[in-house]
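A.B. asks: Okay, predicted coordinates and the sequence, questions at the end:
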Amino acid sequence: MDQLRIFISYTKDDQRIARALETLFNGALGPAVHVFRDETSIDYGADIRDEIVDELEQAHVLVALIAGGQPASALSWVGYELGTFQSAWRRRQPKDPSNKSIIGKVVVLCNEEISLGPQTGKRPVKLGIPTNVLSEPDTKENRERFRGEAQSQTELLKLVQDMETLVKDGEHEKFFKERQNGLDVLVTDFKVTAFGELKGRIMHESKPTKHVVIRFSGAAMPGDYLALPDKSTLSFSDQTSLVFGLQQDERNPFRKVEKLPTGVVRYETTWGQFKDAVKGHRYGAYWLDVIEQAVFGARRGGAALDANLVLVADNEQRHRMVVTTVTTFFNNDCEVSLYLIEALRRRDRGDEATSNLLNGITTVCRFRFAFLEFKGEFYYENFRSKIGTPQAKAKELLMELDYLRSEATHAKLEMPGPWKEFMDEQRFTKMMQIWVEVEKELRGACAALLAQPLDAVKAETNINAIVAQLERIDKEVRPFNAELGEAIARKMAIVFGMGVHIQLTRDQAEALVGSITGNQNLIEIAAAIRQSIAEHDAERRSRPRM
């Protein structure tokens, strides 16, 4: 063979490495090779597709450069060029299984195991650049060490040697005798160039978010109240299920799914299996409600951020739930893409007792705002209002109960110990007993109201049950809520301002305390003032004398 025609096919990401590869072939084979690379081989004004097709039909070998190891799409230029070359060779001569030459073949040049889509399963030629070397510091010593390693025998060197064997005995024999550099040096120079380019590539990419894709049948959810069908699929990105306290390497409920060409590993389960897996968790019902609200809220109004959709993870970390994409298919299937973004949670500073005070007053106030204020939608006299359907209100109530539970857990309100100084232990225990009973009855009535199908009589029965428990909150829980809130507020007044120390002298404070009689609230305030005075005196006595 007098001249070997090589067509270099590559993606834009590998453009610089393709230039170095062209230099390698020209330097190794000289006039005995015709290298086609679109950037240098197509004249300005020429028809790109016609030029490429003409060259592919004449080429002896196609080198598909996939340096980074990522396969190209069959619809890309690389896929088009590969298919055109193979089609042309099938027309030129039948396939010969005994052919050991590279003539008529696609040679995939890559640095990883992943090959080019249709060529998967066929042996590629590897660049031989260890990925662990790419992450080493770019020092003179490391570059010299890599060059030494690159001079060893490699698959790439063997490929160029095979090309040389095809043409060195032809009319260009003089070039090979006078060639200044050996093939090992030329291949090493190319590998050093490729090394420098790959070193600037992305080694690993991670996102501070967790991703879930939910796909369901829209036809399975008629009516105003919507619930995800149990057959709906949930696809979790790596480690996302840990938000829900579930390991993704469990056989049940997850199955591992790896989708080419990206090679991204995901774990898939059904909505029914997911519900069974989290139903025993303290936040299980809350998670299910939040996910359904996000999915159907987005389906009605398009992808949007709902600032109220906060999901508390298994480790108590709060996440914003954001819907980014809603895709509807012709078969009426719907796919919703959810991202769980970790919300900023500042570290508590200062005295732990002060942080507990703040968490406690936040929870007590949230409870009051939700259930005890006359204009609240969950105040017992307002639940029957015509604003919204009873089913929608029941779903909102369940979410409020779950979110309140997460706040109470964070504030340690489930343990009486930290709150002994604010409320008698027996009264605290009584308050929690009443609330546990009320919460259980509310959850049961809400779940029954949401059950499908439900006739008007049963619906009214469940609405009555909900209202009865909301009224019980007003009558039985309100006094405890007020007592605990006032006690915490008094403590916070002392902690925040030390106002009695600043505004009053000690004698003035004693006189004020002495004047307070007969009023229970004022007596309690007086006790707090006395305590403040005692703390002030103790602090003063502990100061070192100058």
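C.D. replies: That came through, no problem. Numbers count the residues shown, from 1 in each chain.
A.B. asks: Quick check: D162 vs K420, distance?
C.D. replies: Using Cβ to Cβ, to the nearest Å, one gets 85 Å for the distance from D162 to K420. (Glycine included, C-beta is placed from N, CA and C.)
A.B. asks: which one of those two has more residues nearby?
C.D. replies: In this view D162 and K420 are compared by other Cβ atoms under 10 Å, and D162 has more residues nearby, 14 against 10.
A.B. asks: which SS class is the more buried one?
C.D. replies: Using DSSP: H, G, I helix; E, B strand; the rest coil, the structure places D162 in helix.
A.B. asks: need the contact list for it.
C.D. replies: 101-102 (Cβ atoms under 8 Å, 6 or more residues apart in numbering).
A.B. asks: Could you check how far it is from Q239?
C.D. replies: 45 Å.
A.B. asks: Tell me where the stretch 101-250 of the chain has helices.
C.D. replies: Remark: helices assigned in the stretch 101-250 of the chain by DSSP state H, counting those that start in this stretch are 131-134, 140-150, 155-167, 173-178, 183-198.
A.B. asks: which one of those has the most crowded surroundings?
C.D. replies: helix 183-198 (a mean of 20; mean count of other Cβ atoms under 10 Å).
A.B. asks: how many neighbours does K100 have?
C.D. replies: 8.
A.B. asks: Which strand or helix spans it?
C.D. replies: Per DSSP states H and E: K100 is located in neither a helix nor a strand.
A.B. asks: P253 versus that one, what's the distance?
C.D. replies: The value you get for K100 to P253, if Cβ to Cβ is used, is 51 Å.
A.B. asks: Pop the domain breakdown of the protein in here.
C.D. replies: What automatic domain parsing lists as the domains of the chain is 4-198, 209-342, 352-497, 501-542.
A.B. asks: Quick check: which helices or strands does the longest helix along the chain pack against?
C.D. replies: The longest helix of the chain (DSSP state H) is helix 425-450. Contacts defined by 3 or more Cβ pairs under 8 Å, 6 or more residues apart in numbering; DSSP states H and E place helix 425-450 against helix 390-410, helix 456-472, helix 478-497.
A.B. asks: Go through these and find the least confident stretch.
C.D. replies: Confidence, taken as mean pLDDT, is least for helix 390-410 of the helices and strands packed on helix 425-450 (a mean of 80).
A.B. asks: which other residues reach it?
C.D. replies: Contacts for helix 390-410 (Cβ under 8 Å, 6+ apart): 224-225, 282-283, 285-286, 289-290, 292-293, 310, 312, 316, 359, 362-363, 366-367, 370, 377-378, 383, 388, 414, 439, 442-443, 445-447, 449-450, 459, 462-463, 466.
A.B. asks: Weed out the non-buried ones from the residues you listed.
C.D. replies: The neighbour-count criterion (16 or more other Cβ atoms under 10 Å) marks 225, 283, 285-286, 289-290, 292-293, 310, 312, 359, 363, 366-367, 370, 377-378, 383, 442-443, 445-446, 449-450, 459, 462-463, 466 among these as buried.
A.B. asks: Can you tell me which residue is spatially central in this structure?
C.D. replies: In the chain, the residue lying closest to the centroid (Cα atoms, centre = their mean) is K210, at 1.7 Å.
A.B. asks: which ones are touching it?
C.D. replies: 236-237, 239-240, 243, 319, 339-340.
A.B. asks: Quick check: bridge partners of it?
C.D. replies: Beta-bridge pairing for K210 (DSSP bridges): L340.
A.B. asks: Could you measure from it over to F296?
C.D. replies: Going from K210 to F296 by Cβ to Cβ gives 20 Å.
A.B. asks: same check, this time on A277
C.D. replies: Taking Cβ to Cβ, one finds A277 at 21 Å from F296.
A.B. asks: How about E400?
C.D. replies: 18 Å.
A.B. asks: Check V133 too.
C.D. replies: 51 Å.
A.B. asks: Give me the sheet partners of the helix or strand containing Y267 and which way each runs.
C.D. replies: According to DSSP H and E, Y267 maps onto strand 264-270. The pairing partners recorded for strand 264-270 under DSSP bridges are strand 233-237 (antiparallel), strand 255-259 (antiparallel).
A.B. asks: so where's the stretch 251-400 of the chain shaky on pLDDT?
C.D. replies: The stretch 251-400 of the chain contains residues with pLDDT under 70 at 251-252, 258-265, 299-309, 344-347, 386.
A.B. asks: can you map out the helices along it?
C.D. replies: 271-278, 284-301, 352-371, 390-410.
A.B. asks: Ok, which of those comes nearest G79?
C.D. replies: Evaluated over these, closeness to G79 peaks at helix 284-301, with 34.7 Å, by Cβ to Cβ.
A.B. asks: Just want the angle from that closest one to helix 390-410.
C.D. replies: 130 degrees (axes from the mean of the first three to the mean of the last three Cα atoms, to 10 degrees).
A.B. asks: List of residues touching helix 284-301?
C.D. replies: 212, 214, 216, 218, 226-228, 244, 275, 278-279, 281, 304, 306, 309-312, 321, 323, 326, 334, 336, 338, 395, 398-399, 401-403, 405-406, 443.
A.B. asks: Show me how far that helix is from its chain's centre.
C.D. replies: 17 Å (Cα atoms, centre = their mean, to the nearest Å).
A.B. asks: what's the angle from it to helix 425-450?
C.D. replies: 40 degrees.
A.B. asks: I'd say H60 and A32 touch.
C.D. replies: No: between H60 and A32 there is no contact under Cβ atoms under 8 Å: 11.8 Å.
A.B. asks: Mutual contacts of the two, please.
C.D. replies: By Cβ under 8 Å, 6+ apart, H60 and A32 have these common neighbours: L4.
A.B. asks: Output the contacting helices and strands for the helix or strand containing R91.
C.D. replies: Secondary structure assignment for R91, by DSSP H and E: helix 77-92. On a contact count with 3+ Cβ pairs under 8 Å, 6+ apart, helix 77-92 meets strand 4-10, helix 48-58, strand 61-66, strand 105-110.
A.B. asks: Next, the buried residues of the longest one.
C.D. replies: Right, the one you point to is helix 48-58. 52-53, 55-56.
A.B. asks: want to try CSV for those, with distance to D455 and pLDDT as columns?
C.D. replies: Shown next, in CSV, are those (distance: Cβ to Cβ, whole Å; pLDDT from 0 to 100):
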residue, distance to D455, pLDDT
I52, 70, 93
V53, 71, 93
E55, 75, 94
L56, 71, 94
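A.B. asks: Closest one to Q426 out of these, please.
C.D. replies: I52 (86.8 Å).
A.B. asks: For the closest one, give me its contacts.
C.D. replies: Shown in contact with I52 (Cβ under 8 Å, 6+ apart): 38, 42, 81, 84.
A.B. asks: Report the two of those residues separated the most.
C.D. replies: Using Cβ to Cβ, these reach their maximum pairwise distance at I42 and T84, which is 15.3 Å.
A.B. asks: Who has more neighbours out of those two?
C.D. replies: Using other Cβ under 10 Å, the more surrounded residue of I42 and T84 is T84, with 20 against 16.
A.B. asks: Not counting sequence-adjacent ones, nearest residue to the more buried one?
C.D. replies: L56 (4.7 Å; Cβ to Cβ, 6 or more residues apart in numbering).
A.B. asks: And the one you found, how far from V125?
C.D. replies: For L56 relative to V125 (Cβ to Cβ), the value is 20 Å.
A.B. asks: Return the residues in contact with K231.
C.D. replies: 216-217, 220, 270-272.
A.B. asks: what's the pLDDT at it?
C.D. replies: 92.
A.B. asks: Which phi and psi values does it adopt?
C.D. replies: K231 adopts backbone torsions of phi -80, psi 0, taken as degrees, to the nearest 10.
A.B. asks: what about it, distance to D333?
C.D. replies: Separation of K231 from D333 (Cβ to Cβ) stands at 11 Å.
A.B. asks: anything in contact with each of those two?
C.D. replies: Between them, K231 and D333 share the contacting residues 216-217, judged by Cβ under 8 Å, 6+ apart.
A.B. asks: neighbours around the closest residue to A487 other than its chain neighbours, how many?
C.D. replies: Spatial nearest neighbour of A487, chain neighbours left out: F422 (3.8 Å); criterion: Cβ to Cβ, 6+ apart. By the criterion of other Cβ under 10 Å, F422 has 19 neighbours.
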